[in-house]
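K.L.:
Whatever this is, show me its structure:
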Amino acid sequence: MADLFAPDDMAGADAPADTAPLADRLRPRTLADVVGQEHLTGPDGAIGRMVAAGRLSSIILWGPPGTGKTTTARLLADAVGMRFAPISAVFSGVADLKKLFASAKEHARRGEKTLLFVDEIHRFNRAQQDGFLPFVEDGTVTLVGATTENPSFELNAALLSRAQVLILRRLDAAALEQLLDRAEALTGRPVPIDAAAREALVASADGDGRFLLNQVETLYSIDLPEPLDPAGLSALLHRRVAVYDKDREGHYNLISALHKSLRGSDPQAALYYLARMLTAGEEPLYVLRRLVRFATEDIGLADPQAVVQCLAAKDAYDFLGSPEGELAIVQACIYCATAPKSNAGYVAMKASFKSARDTGSLMPPMNIVNAPTKLMKQVGYGKNYQYDHDAAEGFSGANYWPEEMTPQTFYAPTDRGFEARIAERIAHWDRLRAERSGQ
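P.N.:
Got it, this is the predicted structure:
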């Protein structure tokens, strides 16, 4: 399984004492014992193929906490006959790395290869990460890094180019059930909970095997007169706090999921991701800003009230605070999800901005430029301007484009919601313009 299991000793060391934590006693002894990561450790997986070939390249193990990164690295070293040298980026610095590299060179002279395992490798800064490069390139060490953060954001490109990124999956219910079975086999007694509470216990672990086994150990340590039901389990144990860092990948994944669920007109999924963010501690005003953005980017004039609803939700939240104010955010979310969608305004903005950059400083036609002075009027500023309110149907059909440009079409309204009416108006004005220009 995972970092779940072992202190930083060599793989294949003596079994932990009976007094050791349950997670430590249940740590896998071979890669075949690792649960939930068969896509990597199986015969067709990247790790399985490396072991079969007896050759290990540098890798980065990326995955949530409690999914097997440390244990996999430890067992990998044992499987290919390498020396395991662990270090944590949280507690180590340049001096520690120099000692490790010097030791690895000494062992290499004796024909012993070193697997350097760096836990939380993303904690090293860019300069420290660069320090690994020469020792990886000359074969002094084979680097295996572990991280819970997206390597694309947290690791140097040079380091990533020399290592294969392997993704460990969040443990699913089947994998967590395997851990429960192993705990019961090791202790010789069932976990003191009923079937419904067992499902709740697995769900409460949120994919973290170490957390699950720690919960099981707590249950074993308490003298319970009868197995617990879900209510009893909830009263005794706490749920694992959801993994959510406001400035890291989980934050961006959830806001992306919320935005795309809204765009896909799925109010149920949108509410789920909204709840995921708010219950994890996201700033409500951040969510509201994103809803306002969505209302203008993906709804626009198909329903002009969408942005009004979102801004009203912001005012309501400011006025009420938490927790009552969250209801206004939920209302705005539902409104946006169920509103007709159009990105015509967004497309029009990009196209018009590009045209403005491309055409530079073209002069508007003289009939619509300002003429505040007598001289400007004498040279033709504002000459022949047609005041639309005085024209038939309040529409003159005059040309408003620079003489060097042909008229462009930036905004093309959809046939959805209020934009369908806008499209009718534009088509009507286009017909009048053609008629009055003699076309």
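
K.L.:
Quick check: buried residues in the longest helix anywhere in the chain?
P.N.:
Ranked by number of residues, the top helix in the chain under DSSP state H is helix 418-436. Within helix 418-436, the residues that count as buried by 16 or more other C-beta atoms under 10 Å are 418, 419, 422, 423, 432, 433. Any C-beta I mention is one placed from the backbone N, CA and C, and that applies to glycine too.

K.L.:
what does stretch 50-62 give?
P.N.:
50, 51, 56, 58, 59, 60, 61, 62.

K.L.:
What about those, which are in strands?
P.N.:
Among those, DSSP state E puts 59, 60, 61, 62 in strands.

K.L.:
From the buried residues of helix 418-436, pick the one nearest residue 99.
P.N.:
The closest of these to residue 99 turns out to be residue 419 (C-beta to C-beta; 67.1 Å).

K.L.:
how near is residue 211 to residue 238?
P.N.:
The gap separating residue 211 from residue 238 is 10 Å, by C-beta to C-beta, to the nearest Å.

K.L.:
returning to that earlier point: mind putting the buried residues of stretch 50-62 into JSON lines with distance to residue 318 and pLDDT?
P.N.:
Converted to JSON lines, the buried residues of stretch 50-62 look like this (distance: C-beta to C-beta, whole Å; pLDDT from 0 to 100):
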{"residue": "50", "distance to residue 318": "56", "pLDDT": "92"}
{"residue": "51", "distance to residue 318": "58", "pLDDT": "93"}
{"residue": "56", "distance to residue 318": "56", "pLDDT": "90"}
{"residue": "58", "distance to residue 318": "51", "pLDDT": "93"}
{"residue": "59", "distance to residue 318": "49", "pLDDT": "94"}
{"residue": "60", "distance to residue 318": "44", "pLDDT": "95"}
{"residue": "61", "distance to residue 318": "44", "pLDDT": "95"}
{"residue": "62", "distance to residue 318": "39", "pLDDT": "93"}
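
K.L.:
Poorly predicted segments of the protein, please.
P.N.:
Scanning the chain for pLDDT under 70 picks out the ranges 1-17, 239-249, 438-439.

K.L.:
Excluding residues flanking it in the chain, which one is nearest residue 401?
P.N.:
Spatial nearest neighbour of residue 401, excluding adjacent residues (C-beta to C-beta, 6 or more residues apart in numbering): residue 407 at 5.1 Å.

K.L.:
Run a quick neighbour tally on that neighbour.
P.N.:
8 (other C-beta atoms under 10 Å).

K.L.:
just the helices in the stretch 201-350 of the chain please.
P.N.:
With helices called from DSSP state H, counting those that start in this stretch, the stretch 201-350 of the chain shows them at 209-221, 230-236, 249-263, 267-279, 284-294, 305-320, 326-338, 344-359.

K.L.:
For the second one, list every residue counted as buried.
P.N.:
So that's helix 230-236. Residues 230, 232, 233 are the ones in helix 230-236 that count as buried (16+ other C-beta under 10 Å).

K.L.:
Same check on stretch 143-158?
P.N.:
For stretch 143-158, using 16+ other C-beta under 10 Å, the buried residues are 143, 144, 145, 146, 147, 148, 149, 150, 151, 154, 155, 156.

K.L.:
quick one: terminal-to-terminal distance for it?
P.N.:
13 Å (C-alpha to C-alpha, to the nearest Å).

K.L.:
who touches that stretch?
P.N.:
Residues outside stretch 143-158 that contact it (C-beta atoms under 8 Å, 6 or more residues apart in numbering) are 3, 58-65, 69-70, 73, 76-77, 115-122, 126, 129-130, 132-133, 136, 160, 162-163, 165, 243, 248-249.

K.L.:
Any of the residues you listed buried? List them.
P.N.:
3, 58-65, 69-70, 73, 76-77, 115-122, 129, 132, 136, 163, 165, 243, 248.

K.L.:
Give me the subset of these lying in helices.
P.N.:
69, 70, 73, 76, 77, 129, 136.

K.L.:
Looking at the residues you listed, which is nearest residue 83?
P.N.:
Of those, the one sitting nearest to residue 83 (C-beta to C-beta) turns out to be residue 77, at 7.1 Å.

K.L.:
before we move on, the earlier item: residue 211 and residue 238: which has the busier surroundings?
P.N.:
Neighbours were counted for residue 211 and for residue 238 using other C-beta under 10 Å; residue 211 has more, 21 against 8.

K.L.:
My guess is the more buried one contacts residue 66. True?
P.N.:
Yes. Contact criterion C-beta atoms under 8 Å: residue 211 and residue 66 qualify, at 5.7 Å.

K.L.:
what sits in contact with each of the two?
P.N.:
Common neighbours of residue 211 and residue 66 (C-beta under 8 Å, 6+ apart) are residue 205.

K.L.:
and residue 114, bridged to which residues?
P.N.:
Note on residue 114: beta-bridge partners residue 83, judged by DSSP bridges.

K.L.:
and the gap between it and residue 360?
P.N.:
62 Å.

K.L.:
Those two: who's more crowded?
P.N.:
Using other C-beta under 10 Å, the more surrounded residue of residue 114 and residue 360 is residue 114, with 24 against 7.

K.L.:
which residues sit in contact with that one?
P.N.:
By C-beta under 8 Å, 6+ apart, the neighbours of residue 114 are 82, 83, 85, 103, 104, 107, 108, 140, 141, 142.

K.L.:
Also residue 410?
P.N.:
347, 348, 351, 352, 355.
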